[in-house]
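1. Pasting the sequence and the predicted model now:
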Amino acid sequence: MVFGLRLAGGRDVVVKARADDGRAVSCVAAQARLAERGFPCARPLTPVVGVGALAVHGEEFRPGGEVSHGDSPDMAVRCAGVFARLMAELAGVSVAPPLPNPPWVRWDHTDSGVWPAIDSLDSRDQSLVSEHIVQTAERARGRLLVGGLPCVLGHADFEAQNLRWQGWQVWVVHDWDSLAWQPEAALVGAASGSFASSGPPTLAPIESSEAFLVAYQDIRGRLFTAVELEIAWAASLWMAAYNAREMALCGGSAAGGVALRAQADERLRRANA
């Protein structure tokens, strides 16, 4: 839950409250460190406070900027630049891992079945989810689980709807509740597939994901290994399959599922899955 408030002195602030699953303290601490270093994100104004079953904090109101719509390779390169800067900044932040990871990147869960257990989704009619979505998730997850790569802190919901731009400059990156503790290549891969989602989640074209991955490596000055590239492609598929399942169960947009079906074979091939 997000509330915009005007304080008695006229200052506009934002108060965020979410179920207290133990993640919020690390997420807000990392966000505060990045804001202190000048990264374009809202600056937290309070620490996380427990209020009943909720974790609550206040942050500055940072309005303005435009949502960018587009999934071209050029847009991918532009977004990859922001993500590379974000990941470089987070590499210098030391916080407790924000676990459990957000469910759309929680392929390493220990629940039974391919998906992490979520009552609100598991209680729905699972026949609405195509076998193709399930099989794609199973194959992508299988590759991710044997990757053997070290985990790092990263933003796991890098979608167009969470970014605001002023011209060609990023103005603000939102949704720091969605930090995760996964391999760098997996986080980059997930972002390469999701960066174009300006509304209902979808999957960027393969050539745009490839441009994102290439640009990220160039900017960070380090080439991914063959294994890291496979993990990146697998992560893009897992997140897309998770989102397609959720949309199918909740009656949302089918665009993500359509894109997943069109691209799954090639992404699985690149993932060696």
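-> Sure thing, it's come through. Not measured: the values here are computed from a predicted model.
2. For residue 23, which residues are in contact?
-> 55, 98, 99, 100, 177, 179 (C-beta atoms under 8 Å, 6 or more residues apart in numbering). Backbone N, C-alpha and C define where each C-beta goes, glycine included.
3. who wins for neighbours among those residues?
-> Tallying neighbours with other C-beta atoms under 10 Å puts residue 179 at the head of the contacts of residue 23, with 27 neighbours.
4. Pull the contacting residues for that residue.
-> Here residue 179 is in contact with 23, 26, 27, 30, 90, 98, 153, 154, 155, 156 (C-beta under 8 Å, 6+ apart).
5. correct me, but the fifth one touches residue 30?
-> Yes: here residue 90 lies in contact with residue 30, judged by C-beta atoms under 8 Å, at a distance of 6.5 Å.
6. shared neighbours, the two?
-> 153, 179.
7. Secondary structure, distance to residue 252 and pLDDT added to the contacts of residue 179, as a markdown table?
-> Shown next, in a markdown table, are the contacts of residue 179 (DSSP: H, G, I helix; E, B strand; the rest coil; distance: C-beta to C-beta, whole Å; pLDDT from 0 to 100):
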| residue | secondary structure | distance to residue 252 | pLDDT |
| --- | --- | --- | --- |
| 23 | coil | 24 | 95 |
| 26 | helix | 30 | 97 |
| 27 | helix | 25 | 97 |
| 30 | helix | 30 | 98 |
| 90 | helix | 30 | 97 |
| 98 | coil | 26 | 97 |
| 153 | strand | 29 | 98 |
| 154 | strand | 26 | 98 |
| 155 | strand | 23 | 98 |
| 156 | coil | 20 | 98 |
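8. one step back: please identify which of the contacts of residue 23 is nearest to residue 202.
-> Set against residue 202, the nearest of these by C-beta to C-beta is residue 177 (21.4 Å).
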